[in-house]
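**Student:** Can you look at this prediction? I've put the sequence above it.
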Amino acid sequence: GEAVAKTAMCTIDECTEPLCMTCAKGTCTDVMQMCSDPDTAADKLSDWRCTCPVPSLGEGTAMAATCTIDECAEMRAECTSCSRGACAAAGQSCDDPDTSSAVLQDWTCTCPPPLVGSEMIQPAFCTVDECVEMTCASCAQGACGTQTCDDPNTSAEELDDWTCTCPWPTVGDAVAKAAVCTIDECTESSCVTCAKGTCSDVMQTCGDPNTAADQLGDWTCTCP
């Protein structure tokens, strides 16, 4: 700075001047950050700032900034690694576990309860075992009771397909409800009340008039 017939107003841009002790000297530019000196007065030193490049966020005074970017929240086109609403569009939550701008493409989509599933950098494949899960509207919620419950396809898009299967030696199954269990006491040999050849051994015909699992001991032998 200089002035005629008076004291000069001395200035120094600490971002561009390479010789002063307090100057940035490439501290910002070396890490791809922008340097700015908000007050270039010669008595205002060490006030230069490093600012992170778009779309990352962060600023450091007289030092390089710590740059961050939340790849779930950031929606600007400059962030090519961001989720850009991919999780929300699938009805899932998005989480960026490390928002450091040095760690990218680590965002995760997570299925909403009671669905299960998560996936990095893309929507998750959501599942629900309708036999195990007790909170979903389509779940068995114990409807099978002493019967075996099985969900053949746990995809969140395949609901109401769980099956109740009767316990051995009874037979029967049903989809999305308890099964009606039956047992033919003439043909089944493993139950305590079964005929077990009592009729056939003496050349008689065995008949079970009611094969319901709760109607036992009602089989009959009929003479030929």
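**Tutor:** In hand now; what should we look at?
**Student:** CA atoms for contacts and neighbours, from now on please.
**Tutor:** Will do.
**Student:** Leaving out chain neighbours, which residue sits closest to Glu133?
**Tutor:** Nearest non-adjacent residue to Glu133, counting by C-alpha to C-alpha, 6 or more residues apart in numbering: Cys139, 6.5 Å away.
**Student:** The one you found: how many residues sit nearby?
**Tutor:** If you count neighbours by other C-alpha atoms under 10 Å, Cys139 ends up with 21.
**Student:** Show me what the residue nearest the centre of the chain is bridged to.
**Tutor:** Centroid check for the chain by C-alpha atoms, centre = their mean gives Thr110 as the closest residue, at 2.2 Å. Taking DSSP bridges, one obtains Ser93, Ser118 as the residues bridged to Thr110.
**Student:** for Asp150, same thing?
**Tutor:** Beta-bridge partners, per DSSP bridges, of Asp150: Thr163.
**Student:** Could you measure from the nearest residue to Cys111 once chain neighbours are set aside over to Glu158?
**Tutor:** Distance criterion C-alpha to C-alpha, 6+ apart; nearest residue to Cys111, sequence neighbours excluded, is Gln92 at 5.0 Å. Separation of Gln92 from Glu158 (C-alpha to C-alpha, to the nearest Å) stands at 18 Å.
**Student:** again, but for Gln147
**Tutor:** For Gln147 relative to Glu158 (C-alpha to C-alpha), the value is 22 Å.
**Student:** before we move on, what about Met9?
**Tutor:** To Glu158, Met9 is 77 Å away according to C-alpha to C-alpha.
**Student:** In terms of neighbours, single out the busier of those two.
**Tutor:** Just comparing Met9 and Glu158: by other C-alpha under 10 Å the higher neighbour count belongs to Glu158, 14 against 10.
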